[in-house]
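[1] What shape does this take:
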Amino acid sequence: EDAYNFMVAWFARYPQYKSRDFFIAGESYAGHYAPQLAEQIYDRNKVKSKESFINLKGFIVGNPLTDDEYDNKGILEYAWSHAVISDNLYDTAKRNCDFKSSNWSEPCNVAMNTMFQKYKEIDIYNIYAPKCTTSNSSAASFLGVFNKSPAMKDWFKRVRWFEGYDPCYSDYAEKYFNRVDVRTSLHASTRDVSRWKVCNDSILQTYQFTVSSMLPTYSKLIKAGLKIWVYRYDLHPSSSAICQRENTISCRLINLTKSLYT
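    Below you'll find the model as predicted:
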């Protein structure tokens, strides 16, 4: 709602852009908030005044969180198919995990947690890249926190967020944005003693993920004629083509007689 109100106010302030085609773009958790915002705009366009109309044409999402069931299946399949986990661990997870359920069993939690522990040995953001061995950032600490969290199934969502070729990227970002001159230039408080973090564990642990699947929203907006572009790359477990193929088949958006390109 806040994002929608901002867009309406922005176009009111800059009316010269109102007639132009408008697309929403994002990555990672934008797999939720981009289509949700698009749906909000689409629905409001049908009932609101001409002054608040937004010329929405579609959205683009990269490595998006889409559907809990299929995303979780995808991350497990990826770990096994890329030799991150053993056949035994894979079989244990497959046997004990019902990814349709919002509450995993204890054996499933243990198996999935063990899978994430295996990623400590490599860079989970890019399995073929060097690992950042000096990282002290909040993004680098997620595996340790994952082990303490009672809601383990939600933690893979943060694995998507901070990708790049440099494995120490999050270290550089945290150091940069906590500099006094940078905070001043961004009009952020310099009196606040708390550090800016790439991953804020307190927020993630208390945030309520109320929508488990965006596939119905995708179907609705495609039927409405909006253009949707979903792209992924295959170096990151929860962003892989496996997740995308599962989601696409489930949504029945296309006939998979043609290849999926990533």
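
[2] how far away is His82 from Tyr119?
    11 Å (C-beta to C-beta, to the nearest Å). Placement of C-beta: from N, CA and C, glycine included.

[3] who has more neighbours, these two?
    Per other C-beta atoms under 10 Å, whichever of His82 and Tyr119 has more neighbours is Tyr119, with 20 against 15.

[4] Tell me the predicted confidence for that one.
    pLDDT recorded at Tyr119 is 76.

[5] quick one: it from Tyr14, how far?
    44 Å.

[6] For Ser212, which non-adjacent residue is spatially closest?
    Asp68 (4.3 Å; C-beta to C-beta, 6 or more residues apart in numbering).

[7] I'd like to know how many residues surround the one you found.
    21.

[8] lowest average confidence, helix or strand, in this protein?
    Scoring the helices and strands of the chain by mean pLDDT, DSSP states H and E places helix 142-148 at the bottom, with a mean of 45.

[9] how about the residue nearest to Leu65 when sequence neighbours are not counted, what does it touch?
    For Leu65, ignoring the flanking residues on the chain, the nearest one in space by C-beta to C-beta, 6+ apart is Gly31 at 4.1 Å. Applying C-beta atoms under 8 Å, 6 or more residues apart in numbering to Gly31 gives the contacts 61, 63-66, 214.

[10] who wins for most neighbours among these?
    Among these, Pro64 has more neighbours than the rest - 29 neighbours, counting by other C-beta under 10 Å.

[11] which stretch of helix or strand covers the closest residue in space to that residue that isn't next to it in sequence?
    Excluding its sequence neighbours, the residue lying closest to Pro64 (C-beta to C-beta, 6+ apart) is Gly31, at 2.5 Å. Per DSSP states H and E: Gly31 is located in helix 30-45.

[12] One more: Asn5?
    With DSSP H and E as criterion, Asn5 is part of helix 2-13.

[13] and what of Ile228?
    Per DSSP H and E: strand 227-231 holds Ile228.

[14] Tell me the buried residues in that strand?
    228, 230 (16 or more other C-beta atoms under 10 Å).

[15] contact partners of that strand?
    Applying C-beta under 8 Å, 6+ apart, the set of residues contacting strand 227-231 is 23, 35, 57-64, 66, 218, 221-222, 244, 262.

[16] Repeat the analysis, applying 6 Å as the threshold.
    Strand 227-231 is contacted from outside by 57-58, 60-62, using C-beta atoms under 6 Å, 6 or more residues apart in numbering.

[17] shaky segments in the chain?
    The model of the chain has pLDDT under 70 over residues 134-165, 233-262.

[18] rerun at 90
    27-31, 47-51, 62-79, 81-83, 100-103, 116-172, 188-213, 215, 219, 230-262 (pLDDT under 90).

[19] Spell out the residue ranges of the strands in it.
    22-27, 56-62, 227-231 (DSSP state E).

[20] Would you format those strands as JSON lines with distance to Glu77 included?
    Formatted as JSON lines, the strands of the chain follow (distance: least, C-beta to C-beta, whole Å):
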{"stretch": "strand 22-27", "distance to Glu77": "21"}
{"stretch": "strand 56-62", "distance to Glu77": "20"}
{"stretch": "strand 227-231", "distance to Glu77": "18"}
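
[21] Which of the ones you listed sits closest to Ile203?
    strand 22-27 (18.2 Å; C-beta to C-beta).

[22] Sheet-wise, list the partners of that closest one with their directions.
    strand 56-62 (parallel) (DSSP bridges).

[23] List every C-alpha atom in the strand it pairs with, with coordinates, as CSV.
    Output in CSV follows, covering the C-alpha atoms of strand 56-62 (Å, rounded to 0.1, in the frame of the first residue of the first chain):
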residue,chain,number,x,y,z
LEU,A,56,1.5,-0.5,-15.9
LYS,A,57,2.8,-2.9,-18.6
GLY,A,58,4.4,-5.6,-16.6
PHE,A,59,7.3,-6.5,-14.3
ILE,A,60,10.8,-8.1,-14.3
VAL,A,61,12.1,-10.2,-11.5
GLY,A,62,15.5,-11.8,-11.1
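
[24] Thanks again, I'm all set now.
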